[in-house]
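> This is a predicted model, with the sequence first.
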Amino acid sequence: MTFKELFRIPPALKHRRFALLWAGLLISTAGSQMQVWAIYWHLRDLSTDPIVVSGIGVAKFLPILAFALVGGLAADTFNRRGIVFITQIMMTLIATGLGLLTAFGHVQLWQIYIMVAIQGIAVSFDGPARQSMIPSLVAREDLRGAFGLQSIAADVGAVIGPALSGLVIATLGLQWTYWINAISFLAVILALILMGPVETVHSIDPRKQLPMYKRMDFSGIPVGIRFILGHPIILSSMILDFFATFFSSANTLLPFVARDILHVGAIGYGWLSAAQSIGSVTVAVILTQAVSIRKQGKLLLWGVIAFGAATIVFGVSHNYALTMLALILVGAGDAVSTVLRNTIRQLQTPDEMRGRMISINQIFFAGGPQLGEVEAGIVASTISTPFAIISGGIGCIVAVIVVAIKWPALRNYNGDEAIQAGARA
């Protein structure tokens, strides 16, 4: 790949509506990541016991478990752009509320947990609607590049956001991390306004003549579940995602590593929080420019193995530079897995089923790391923080081996099969 090819404008960005949404997400993700890592720092301020991380994991996961399938059904029933508009406003209000509670000095652990849980409800509807909207914004041949760019937006935001988080906490105060996040949501809201209407293919009759609360046909939920169970490639990638992130979610213990093992302050913590995304964005840029990638199944599995191995190094390290490098490698492995998984699933799923597919995937995608936070907090509290991280990395590698043996179709997946399956869907 030449220098000119590496830095040409990705084809997906030539689609105006996708470019608008992507730019909005780039800004919004930076604010959201600032808030994510600020909350972990805030938890450490309120308690020295790592078990508080378990509480935030439960607060994130339970709303998604309860509402994700309904969110996917809504994405396949109602206007996806309208759903995203509403959820972005909800998350703006939540961030503003967190900032106000912190500024007035009244914030307690239970209040943070409740705010995070309400945000989880919004995410349950936002994720399926927003992601299933992407194939309507770009040409089919540009879809992999579009998901690569989404990964870049997430990872660039996750570099800028945490780095700024440490700086803002140290200079302006914790409340400003929440308020800046609230402002950042306006970028997506503006993009949605400028995009105009987005076409949606509905397999579920919207029943526009009925009141809003009667339009939801809940029989569509088991249809989505049967669709996933009937597609081994999609199912195995979701299971891999769940167990890999469940075991390797110990990076949420980073505030305890930073303050109690590496002995660094808010700014040093901010850069460590950004390290994983530095690796992710580097790999994602390369993947968006690749014209063709073969043996994608094996590449996906090796990416997750690298993710687990780097997690082990993170747990072993007592050196700031080595910890930084390990987290960069964690991000690199995660980026390979994320881009390939998203592309496989979208290409194998017809448009009218995408909301439900993404909502089911959201349970796996969110359930893994958030239940992993619960596990990591309990293990760190009862044994030690390093042990929680190291054992998680080992568990991640074991999960890859089990999935590779159980589902050889994923291991042998090349890349062109998904395009053919999607074309027939």
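Structure's in. What do you need? Not measured: the values here are computed from a predicted model.
> contacts and neighbour counts: CA atoms only from here.
Fine.
> Could you pull up the contacting residues of residue 358?
Each residue near residue 358 by C-alpha atoms under 8 Å, 6 or more residues apart in numbering is listed here: 72, 127-128, 131-132.
> I misspoke; the intended subject was residue 236.
403, 407, 410.
> With residue 308 instead?
Per C-alpha under 8 Å, 6+ apart, neighbours of residue 308: 244, 248, 330, 392-397.
> For the contacts of residue 236, which single residue is the most surrounded?
residue 410 (23 neighbours; other C-alpha atoms under 10 Å).
> That one: what's it in contact with?
Each residue near residue 410 by C-alpha under 8 Å, 6+ apart is listed here: 232-233, 236-237, 297-298, 404.
> Restricted to helices, list those residues.
When DSSP state H defines the helices, the subset of the contacts of residue 410 inside them is 232-233, 236-237, 297-298, 404.
> Closest to residue 349 out of these?
Nearest to residue 349 among the ones in helices among the contacts of residue 410: residue 233, at 11.3 Å, using C-alpha to C-alpha.
> okay but that closest one is in contact with residue 409, surely?
Yes: with contacts counted by C-alpha atoms under 8 Å, residue 233 reaches residue 409, the gap being 6.5 Å.
> In terms of neighbours, single out the busier of these two.
With neighbours defined as other C-alpha under 10 Å, residue 233 and residue 409 compare such that residue 233 has more, 22 against 14.
> Report the contact partners of that one.
By C-alpha under 8 Å, 6+ apart, the neighbours of residue 233 are 344, 407, 409-410.
> Now render the residues you listed as a markdown table, adding secondary structure and pLDDT.
As requested, those are exported to a markdown table (DSSP: H, G, I helix; E, B strand; the rest coil; pLDDT from 0 to 100):
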| residue | secondary structure | pLDDT |
| --- | --- | --- |
| 344 | helix | 72 |
| 407 | coil | 85 |
| 409 | helix | 76 |
| 410 | helix | 79 |
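> Which parts of the stretch 1-150 of the chain are helices?
Along the stretch 1-150 of the chain, counting by DSSP state H, counting those that start in this stretch, helices occupy 3-6, 16-46, 51-75, 80-103, 109-133, 143-171.
> With the stretch 201-350 of the chain instead?
Under DSSP H, counting those that start in this stretch, the stretch 201-350 of the chain gives helices at 220-229, 232-247, 254-256, 266-289, 296-316, 320-347.
> Redo those helices as a markdown table? Include distance to residue 368.
Shown next, in a markdown table, are those (distance: least, C-alpha to C-alpha, whole Å):
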| stretch | distance to residue 368 |
| --- | --- |
| helix 220-229 | 18 |
| helix 232-247 | 4 |
| helix 254-256 | 18 |
| helix 266-289 | 18 |
| helix 296-316 | 14 |
| helix 320-347 | 14 |
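> For residue 377, which of these is the nearest?
Comparison of the helices of the stretch 201-350 of the chain against residue 377 by C-alpha to C-alpha identifies helix 254-256 as nearest, at 10.6 Å.
> Need the residues that contact the closest one.
Contacts of helix 254-256 (C-alpha under 8 Å, 6+ apart): 40-41, 44, 50, 269, 272-273, 385.
> Name only those of the contacts of residue 410 that count as buried.
Burial by neighbour count, 16 or more other C-alpha atoms under 10 Å: within the contacts of residue 410 this picks out 233, 236-237, 297, 404.
> do you know how far residue 380 is from residue 224?
Distance, residue 380 to residue 224, using C-alpha to C-alpha, to the nearest Å: 37 Å.
> quick one: which of the contacts of residue 308 is nearest to residue 117?
Nearest to residue 117 among these, counting by C-alpha to C-alpha, is residue 248 at 22.1 Å.
> Just put the contacts of residue 358 in CSV and tack on distance to residue 356.
Formatted as CSV, the contacts of residue 358 follow (distance: C-alpha to C-alpha, whole Å):
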residue, distance to residue 356
72, 4
127, 11
128, 7
131, 11
132, 9
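> what's the closest of those to residue 253?
For the contacts of residue 358, the nearest to residue 253 is residue 127 (25.2 Å; C-alpha to C-alpha).
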